Each structure stands twice: as structure tokens, then as C-alpha cells.
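1. A structural model of the following input is requested.
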Amino acid sequence: MPKKRCYPRLYQSWRFWKEVNDIIVSHKLRLDSIKRGVSELDPEFEEFFLDVMAPIENDARKAMIEEAKKLPPWEWMITIKGLKSGSIGAKVLALIDDIRIPTNVSKLWVYSGYGVTDGQADKNRKGVSSRFNKALKSALWEVASQFIRQKTPLYYDLYLEEKKRQRGLHPEPVDGKYTDGHIHNMARRKMTKIFIYHLWFVWRSVEGLPTSNPWVIDHGRHTDLIPPPNWEG
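-> The predicted structure is shown next:
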């Protein structure tokens with residue numbers, strides 16, 4: 001039975017945008033191979049094709065953003081530095097679609113690829129079905145990259161604080177763990193999970209749905225609840 005979507009046109013516009021981008025990427029790679037001398041194909045044709053596809057990609061992106069504007073958390077999302085252009089946020093909204101399903105933020109963390117299984121962060125495992133949406137996890141990776149690149153207020157600060165905290169706990173790498181790259185990924189993960197909580201909280205609040213604190217606030221050792229930026233709900 002096909003999945004019933006709350007916002008099918010947004011999902012369709014995201015799929016179209018993605019398909020167009022996948023084509024563009026494949027031809028950019030082909031052109032790169034020609035320039036590196038590992039392909040004897042005609043570079044002018046590839047450049048012509050990319051010129052043809054550019055306005056199609058632009059129209060597809062605009063269509064996706066127009067559909068995303070109809071969703072309740074849109075106005076909040078575009079107040080955040082790094083998401084103001086709209087395209088990355090639109091992808092995230094398209095892939096979550098129905099905020100009624102994750103009745104607590106832990107469920108959305110799992111669906112987004114930020115859950116934990118047997119004490120380990122969820123990841124792709126050969127021969128094992130993923131319990132998360134890979135496309136959504138990829139879109140959230142873009143969100144985090146934007147936050148770090150643009151030094152987005154609050155989120156970038158959280159990232160830096162977590163890096164400092166983890167390095168204080170682990171001053172030196174041990175058995176290949178806690179390298180600079182590892183610490184970076186840990187801080188990035190925490191920052192992204194907080195953003196997911198903020199999106200879940202704002203979206204459900206606007207929809208008039210019940211909200212709750214993350215489990216680590218109500219039952220764990222964490223005591224500081226960080227409210228969403230630019231939100232007075």
C-alpha cells in the first residue's frame with residue numbers, strides 16, 4: 001500500500017529536483033574525466049548539456065521552495081542563518097513530511113539517522129535494513145555543514161562548546177579514537193540533534209500537537225534545555 005503523504009507536492013518537487021541534480025552531477029563528473037584526459041568524449045557537448053540543465057535545476061529548486069513555504073515551520077526555519085536560501089530546509093521538510101508520526105523527539109532522531117543501537121550511533125550496516133531515512137540524514141548533514149561554514153548563532157556556539165568539552169574529557173587520542181576528526185563529528189552530531197529537536201518542537205507547536213522535553217532532560221543527567229532560536233511560541 002503506498003505511503004500517504006501530508007505534502008505530496010513538496011515530496012514530488014524534491015524528487016524532481018534531486019533527479020535533475022543527479023543528472024547534472026553525472027555530467028560534471030564526465031566533463032572532469034575529459035579534462036583530466038581519461039575520456040575521449042566531446043567536452044563541448046557536456047558543457048552544452050550543463051548549460052541546458054542549469055535553468056531546469058533552478059526552476060525545480062524554486063518549485064520545491066514554493067511548496068515548502070506552505071508548511072507550518074517554514075517561517076521559523078528561514079530565520080536561521082544557513083537556511084535562509086530555503087532549498088536545504090525544503091528538503092528536510094519534504095523528507096520528514098508528517099510531524100504527527102514522531103510523537104517524541106527520540107523517534108525523529110531515529111528516523112533522521114541520529115539514533116543509537118546497542119550503545120552505538122546508527123549507521124549503514126551491510127545486510128541490515130536501516131531504520132532511518134538515508135536521504136533525510138544526508139539533508140541534515142548539509143544543514144550542519146551550513147551552520148559550521150556560516151558560524152550560525154547558537155548552533156555554531158554549541159558545536160564549539162561540545163568540541164571543547166570532548167577534548168577536555170579526552171585530551172589525547174586513544175586506540176584511534178578521539179582524534180580531531182572524531183571530536184569534530186561528535187560535536188557536529190550533538191549540534192544537529194539539537195537542531196532536530198528545535199524543528200520537531202516548533203513544528204508540533206505550530207500544529208497544536210503535544211510536545212515534550214527530550215528523554216535526557218526529564219530522565220537523564222542533563223538539566224539544560226536549549227530553546228529554539230528566534231522562537232517565542
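2. so which strand or helix has the residue nearest to residue 94 when sequence neighbours are not counted?
-> Distances taken as C-beta to C-beta, 6 or more residues apart in numbering place residue 14 nearest to residue 94, at 3.9 Å, with adjacent residues excluded. Yep, even glycine has a C-beta here, placed from its N, CA and C like the rest. Assigned by DSSP states H and E, residue 14 belongs to helix 8-35.
3. Show me what that helix is packed against.
-> helix 43-68, helix 87-96 (3 or more C-beta pairs under 8 Å, 6 or more residues apart in numbering; DSSP states H and E).
4. in it, what's buried?
-> Residues 10-11, 13-14, 16-17, 20, 24, 30-31, 34 are the ones in helix 8-35 that count as buried (16 or more other C-beta atoms under 10 Å).
5. would you turn these into CSV with pLDDT and distance to residue 98?
-> Converted to CSV, the buried residues of helix 8-35 look like this (pLDDT from 0 to 100; distance: C-beta to C-beta, whole Å):
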residue, pLDDT, distance to residue 98
10, 98, 11
11, 97, 11
13, 97, 17
14, 98, 15
16, 97, 20
17, 97, 20
20, 97, 25
24, 97, 30
30, 96, 38
31, 96, 40
34, 96, 44
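6. Just send the residues you listed back as CSV, with distance to residue 106 too.
-> As requested, the buried residues of helix 8-35 are arranged in CSV below (distance: C-beta to C-beta, whole Å):
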residue, distance to residue 106
10, 25
11, 24
13, 29
14, 25
16, 32
17, 30
20, 35
24, 37
30, 43
31, 44
34, 48
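7. Widest-spaced pair of those residues?
-> Greatest spacing in the buried residues of helix 8-35, by C-beta to C-beta: 10 and 34 (36.6 Å).
8. How about residue 233, nearest residue that isn't a chain neighbour?
-> Leaving aside its sequence neighbours, residue 233 sits nearest to residue 205 (C-beta to C-beta, 6+ apart; 4.8 Å).
9. correct me, but the one you found touches residue 211?
-> Yes - using C-beta atoms under 8 Å, residue 205 makes contact with residue 211 at a distance of 5.9 Å.
10. Against which helices or strands is the host helix or strand of the residue nearest to residue 233 packed?
-> Per DSSP H and E, residue 205 falls inside helix 180-207. Helices and strands touching helix 180-207, by 3+ C-beta pairs under 8 Å, 6+ apart, are helix 74-77, helix 87-96, helix 105-112, helix 134-150, helix 155-169.
11. Check what contacts stretch 204-217 and list those residues.
-> Residues outside stretch 204-217 that contact it (C-beta atoms under 8 Å, 6 or more residues apart in numbering) are 72-73, 76, 99-100, 103-106, 197, 200-201, 218, 222-223, 225, 233.
12. Buried ones only from those, please, as a PyMOL command.
-> The following PyMOL line selects those of the contacts of stretch 204-217 that are buried, judged by 16+ other C-beta under 10 Å:
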select buried, resi 73+76+99+105+106+197+200+201
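13. And the chain, what are its domain boundaries?
-> Using automatic domain parsing, the domains assigned to the chain come out as 1-70, 73-233.
14. what distance separates the first one from the middle of the whole chain?
-> It refers to domain 1-70. Distance of domain 1-70 from its chain centroid, counting by C-alpha atoms, centre = their mean, to the nearest Å, is 19 Å.
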